[in-house]
Each structure stands twice: as structure tokens, then as C-alpha cells.
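Chemist: curious how this folds, go ahead:
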Amino acid sequence: MSPRTTGPEDACTAEPYLPDRGGLPALRKAGAGCRGCPLQRDATRTVFGEGDAHARVMLVGEQPGDQEDRQGKPFVGPAGRLLDRALGEAGIDPADAYVTNAVKHFNMIWPGIPALYFRAGQLTPHRLMTHWVWLYTVMVHPRHQGRGYGRDLLAAAADAVRGFPGTDAIRLTCRGGNGLERFYGSCGYQEAGRIPGAIRVAPGDDRDEVVMLLPLT
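Modeler: Sure thing, here's the model as predicted:
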């Protein structure tokens, strides 16, 4: 096996900022001043975890969203409301959980513009298309499908996007043949077009790519 090629990510490390002792309080203080990776450049602040250090449950998300970046607390945006509901259904008191994110900074699509994130939304980079947002991933684990989580995620996305000045609509694409267009339609989305056979699932099994649009005005 040939040696791995060294890339820019190898220069990113938080090791120089790690305290030798002091537990979570020391880590929180160190995190606020960490400059170990480029993510901190465009973020408002470090979003550290919250909860009892001896909590019986630890929940780790992917990265903070726009609301978390503004408030400096984890899971206070749309994804946090969904998490609270899931904890309630599981019979877990939120006070018994320590919540944090693997990444401690909100990673904007580009500096100065808030971007929707729960692996969900992206502002289109083209200057002539800044009046709509592309919702590119909404996922619910099969075990939890049929409980309304998908609708909650879509509603949370719409609420978040309404806070973006000058945004008129949300756009997404889905694979035809699975009934997804009917589901999105029941959530207020309109079919705006489709590309026949654009998605090749397997040899001889081509599906349409369906474009759905949710007007916000």
C-alpha cells in the first residue's frame, strides 16, 4: 500500500489548544479560543456542549446550525425541537442527556450569509438564483418512518428559510416511482417538472428525477 498523500486537512489540529486538566470547564474555555481549523473563521462563536458531565445519555450531532451559531448553544433550532420530541417519545428527560456536536462551529456556505443546515438546505451559489433555497437531504431512519418526523423536518426547514431575507421558495428533487412526489405534494410542494429516466437505479431501471417547489410567498 502506498503512503497516504498529505493534504491541507493534515495542518488542522486542535491539539495545541487542549488543556492538560480541568475537565469540561477547561475544555469549554479552550474551545472558545480554538483556532485549530478554518471553520472558526466565518463562525460567530464556538458552540460547546451542554449538560451534566455524568449524564446517562450523550447525544452527538453533526454540526451546529444557524440558530446555534447565533445563540451559542447546541440544539436550539428546528433540529432541537425535533430532538426534544424524540426524547419525550423515548421517555428520556432532556436533563439526563449531554448534548453536543462533533463539529463545534457552524460551517456557512459562504461568509456572511446564513445557510440552512441539518444536512438539509443550501443557498444556491448563482447570483441570479438567490431567491430560492435548495433542500438537498431530508432523511428519516426507516424505524421511525410513519410517525410524522419527515413532515416535521420539512416544516422546520420552511420555518428556517422564511428567516432568510429575499427567499421566495424551497426547491428539492426526488426520485420518481416511489411515491415521494405525492408525499411532498401533501406537504405543500408543487411538481415543477421532471427529467424522464434521469436516475439509473439499475440496468434497465431508469427513474424520473422530479423537481418539487414550495412557494413561501
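
Chemist: part of a strand, is Arg200?
Modeler: Yes. Arg200: assigned to a strand according to DSSP: H, G, I helix; E, B strand; the rest coil.

Chemist: what's opposite it in the beta bridge?
Modeler: Beta-bridge partners for Arg200, by DSSP bridges, are Asp206.

Chemist: how far away is Leu214 from Tyr98?
Modeler: 35 Å (Cβ to Cβ, to the nearest Å). Quick note: C-beta positions are derived from backbone N, CA and C, even for glycine.

Chemist: so for those two, which residue has more residues nearby?
Modeler: Under the criterion of other Cβ atoms under 10 Å, the comparison of Leu214 against Tyr98 puts Leu214 first, with 22 against 18.

Chemist: quick check: mean pLDDT of the helix or strand hosting the more buried one?
Modeler: Using DSSP states H and E, Leu214 maps to strand 205-215. The pLDDT scores in strand 205-215 average 93.

Chemist: okay, strands next: where are they in this protein?
Modeler: 57-61, 97-101, 121-123, 132-135, 169-175, 190-202, 205-215 (DSSP state E).

Chemist: quick one: which of those strands is nearest Tyr184?
Modeler: With Cβ to Cβ as the criterion, Tyr184 lies closest to strand 205-215 of the strands of the chain, at 4.7 Å.

Chemist: quick one: buried residues of that closest one?
Modeler: Buried residues in strand 205-215, defined by neighbour count with 16 or more other Cβ atoms under 10 Å: Arg207, Asp208, Val210, Val211, Met212, Leu213, Leu214.
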